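1. Predicted model, plus sequence, below.
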Amino acid sequence: MRWAWLGVMAAIAVLLAWNGMSGRETGEEGVADGVADHRKSTAGGTAGDPAPEASMRTAPRSVGDRDGDGASSPDTLQAMVAWEHAYRSAIRRHLEARAAAGDAHAQLTLALVTLAPGGGLSDPTALERRGDAEAARRAASLARALDMAPDDPLVAWHVAEDCGHRLSSCDMQAALQRLRELDADNAAVWLPGLDKLLESGDVEALDRQLALFADAGRFDDLLASTGRLLAGQLADVPIPDPGADLRQGIGERMGLGRPMTVEELRYVPALGVWMEQAAAATTTGLSRACIGPAALADPALCRRAAARMGAGSSLVERAVGLVLQVQLTADRPEGARWREALRRHYWQYEQLMASAGGASPPGYLRRILADGEVAALEWRLARVGQAEPPAGWLPSNPRHRALVTTGRPPPGD
């Protein structure tokens, strides 16, 4: 028997053991530094999906595959599933009570978190029916959140995100326009649609949207805001006591080298939502608009937009913005400053690569949700004195090294 939630448990093991990135660069412009591959491998959602990158530390196909680790497999699995059922029931009661009291964000969280029990079925038709019922519940919860808070930007973000998915009758363009009306000073709402503008050849519209992105008062993307939402909404859910033996068994099965903490178990449901959101994020439009054969946007505007992206809270945003910016400023006086910022990014990236196999410190998962990927990573590295690169250090990857030293990819790249 397999339980879908164990896929999330396997994913959390990878994240806790190594939130690093694979060695292969990904993304249309090759600037995401493997972050996308790491996210794909950890966001599998269903036990049994192997990670696509053999070079990185991967989770077991399911927790039950790690026979011989700690407590007996059937006993540990049964205890895990029983605890998970109890916890998801507690989440549902807690959020429904808050929503009934008028908390639209609790209602939104009901739409985001999977609450259906993970196990007990093996018949494909029955599994499909349960999945359809859970999808319908989540769609109804999101529609209810919109009814409760029609002017809430975070609710509007998720409505726009789910148009054509959970909300099959939704008008995507109208939902995006409504989001922009509600949150116009948030740079993140101006990223969607850049690819379409680039393909249309409408340079004026492209520059106008890039200017709105670059000049907005803040940059708060859906991944960051959803992480904060989940961390806050789950923080005070009465969590069933897993007991020391179960925490030890889970930690052993997950390969953590220590018991899983209650806090880490608390945020297992949030992690699945967060990784789904991370896997769906797209940032290719900016790079395509500003560099390469299809580039149409104004170079000065691109430099402003790259600076904004390079200060993002996610690893992908940071990589996209800095790699773009060093190329745009390669022959400008400010280029040295941006190359140093990219050197620092690559240093932190390589420290994560080197930390594969070691468990991250307790509290790391909550920080990713509450503070964002970059802030959590810097906290993790600062604890061991690795936040800043030594003088003269250069990346080991030839492309990274060329970007840091010259602001350009190596010849033939």
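-> That came through fine.

2. thought residue 251 was touching residue 260?
-> Yes. Between residue 251 and residue 260 there is a contact under C-beta atoms under 8 Å: 4.4 Å. Glycine gets a C-beta too; all of them are placed from N, C-alpha and C.

3. count of neighbours near the closest residue to residue 240 other than its chain neighbours?
-> Closest residue to residue 240 apart from its sequence neighbours, by C-beta to C-beta, 6 or more residues apart in numbering: residue 86 at 4.4 Å. Number of residues near residue 86 (other C-beta atoms under 10 Å) recorded here: 14.

4. before we move on, back to that, and residue 251 and residue 260? which has more neighbours close in?
-> Neighbour totals were compared for residue 251 and residue 260, and residue 260 leads with 25 against 21 (other C-beta under 10 Å).

5. what's the pLDDT at the more buried one?
-> Listed pLDDT for residue 260 reads 90.

6. In a helix, it, correct?
-> No. Residue 260 is assigned coil when assessed by DSSP: H, G, I helix; E, B strand; the rest coil, not a helix.

7. Show me which positions of the strand or helix carrying residue 376 end up buried.
-> Residue 376 belongs to helix 373-382 when elements are defined using DSSP states H and E. Using 16 or more other C-beta atoms under 10 Å as the test for burial, helix 373-382 gives 373, 374, 376, 377, 378, 379, 380, 381.

8. coming back round to it: the residue nearest to residue 240: helix or strand, and which one exactly?
-> Residue 86 belongs to helix 73-100, assigned by DSSP H and E.

9. Can you list the buried residues in that helix?
-> Buried residues in helix 73-100 (16+ other C-beta under 10 Å): 73, 76-77, 79-81, 83-85, 87-88, 91, 94-95, 98-99.

10. do the same with stretch 244-252
-> 246, 247, 248, 249, 250, 251, 252.

11. right, and the fifth one touches residue 259 too?
-> Yep, that's residue 250 we're talking about. Yes. At 7.5 Å, residue 250 and residue 259 qualify as touching, with contact defined as C-beta under 8 Å.

12. which residues do these two both contact?
-> Here residue 250 and residue 259 have no joint contacts, going by C-beta atoms under 8 Å, 6 or more residues apart in numbering.

13. if I pick residue 203, what's in contact with it?
-> 296, 297.

14. swap in residue 180?
-> Contacts of residue 180 (C-beta under 8 Å, 6+ apart): 189, 190.

15. what about it, distance to residue 382?
-> 37 Å (C-beta to C-beta, to the nearest Å).

16. And residue 375, by the same measure?
-> 10 Å.

17. Also residue 322?
-> Following C-beta to C-beta, the distance that separates residue 322 from residue 382 is 20 Å.

18. what does residue 226 give?
-> 25 Å.

19. surely residue 272 meets residue 114?
-> Yes. Counting by C-beta under 8 Å, residue 114 is a contact partner of residue 272 at 6.6 Å.

20. These two: which is more packed in?
-> residue 272 (24 against 21).

21. Report the secondary structure element holding the more buried one.
-> Going by DSSP H and E, residue 272 is in helix 268-280.

22. And the next helix or strand past that helix?
-> Moving toward the C-terminus from helix 268-280, the next helix or strand (DSSP H and E) is helix 284-290.

23. could you say what helices and strands that following helix packs with?
-> Contacts defined by 3 or more C-beta pairs under 8 Å, 6 or more residues apart in numbering; DSSP states H and E place helix 284-290 against helix 194-200, helix 203-215, helix 299-310, helix 315-328.
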